[in-house]
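A.B. asks: Structure, please.
(one chain, ligands or ions: 1)
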Amino acid sequence: MYPNRYLVPAAMIAAALTFTAGKTLAESHSASVDTTAEAPADVEFADGKVVFRAALDDAPLVFEHRTEQTLTPQVEEFHTTGVNPYSGDADAIEAGGKSYKKLCQSCHLKDGAGRIGPSLNDNNWERDRTHTEVGRFEIIYGGGAGAMQAFGQRADQDDILKIMAFIDTLRLEK
Ligand code: HEC
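C.D. replies: Below you'll find the model as predicted:
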């Protein structure tokens, strides 16, 4: 009954189960997604903040879209830790799934298998940086080549983090 097929250490499973006490087993599966507290070693930091880079030229990413948006505590946390605080959060995953359907599904498909854009439901990332949450945020916010527009123009940073939490579940479902 425990989600140990994801090979997370017992302590993390215990933490996830405590966290999700009272929720259904299906939800406790998603809550055990990526409980890593630290960003991967190749995420860069400067002055206590993550250094984000544009996917196309590696130049520092300029946060120029939707400047009126509210930067939620989760967004602030992501900019500080490089870890998506919404990973495994059932409500965030649900909201992210709705945005994914509207903004992403036409190219990446419902299950993330990919069509016009690459697959998002395995761990084969096409770009150098997209194996990290920071790298995925960069290309979603700031855009990539061709059809991969800067979705920071159409979604707040908080929404992008929720979409990323949803995409994580596509990898686990495979
Ligand atoms: C109109 C088609 C289109 C839409 C809509 C679209 N993408 Fe993409 N996506 C692409 C293409 C094409 C690429 C490859 C671009 C590149 O590598 O520079 C890509 C690349 C990506 C990558 C990097 C994948 C890798 O393997 O490195 C991620 C992550 C991604 N998209 C997420 C999203 C998300 C999230 C949304 C919705 C907010 C979205 N995309 C909407 C076409 C699209």
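A.B. asks: what residues does this protein put near the ligand?
C.D. replies: Contacts of the chain with the ligand, taken as CB under 6 Å from any ligand atom, map to 55, 103-104, 106-108, 116-118, 120, 125-127, 130, 136, 139-140, 144-148, 151, 163. The C-beta positions use only the backbone N, C-alpha and C, and glycine is treated the same way.
A.B. asks: Give the ranges of residues in this protein that sit below the confidence cut-off.
C.D. replies: 1-36, 173-174 (pLDDT under 70).
A.B. asks: run the last query once more with 50
C.D. replies: Within the chain, the ranges that satisfy pLDDT under 50 run 1-34.
A.B. asks: Helices of that one, residue ranges please.
C.D. replies: Counting by DSSP state H, the chain has helices at residues 10-19, 25-31, 73-81, 90-103, 105-108, 133-142, 157-172.
A.B. asks: want to try CSV for these, with distance to A41 and mean neighbour count as columns?
C.D. replies: Putting these into CSV (distance: least, CB to CB, whole Å; neighbours: other CB atoms under 10 Å) gives the following:
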stretch, distance to A41, mean neighbour count
helix 10-19, 19, 14
helix 25-31, 25, 17
helix 73-81, 14, 17
helix 90-103, 26, 18
helix 105-108, 28, 16
helix 133-142, 12, 24
helix 157-172, 20, 22
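A.B. asks: What about the residue lying closest to G143 once chain neighbours are set aside, how many residues nearby?
C.D. replies: Nearest residue to G143 in three dimensions, chain neighbours excluded: A150, at 3.5 Å (CB to CB, 6 or more residues apart in numbering). With neighbours defined by other CB atoms under 10 Å, the count for A150 comes to 16.
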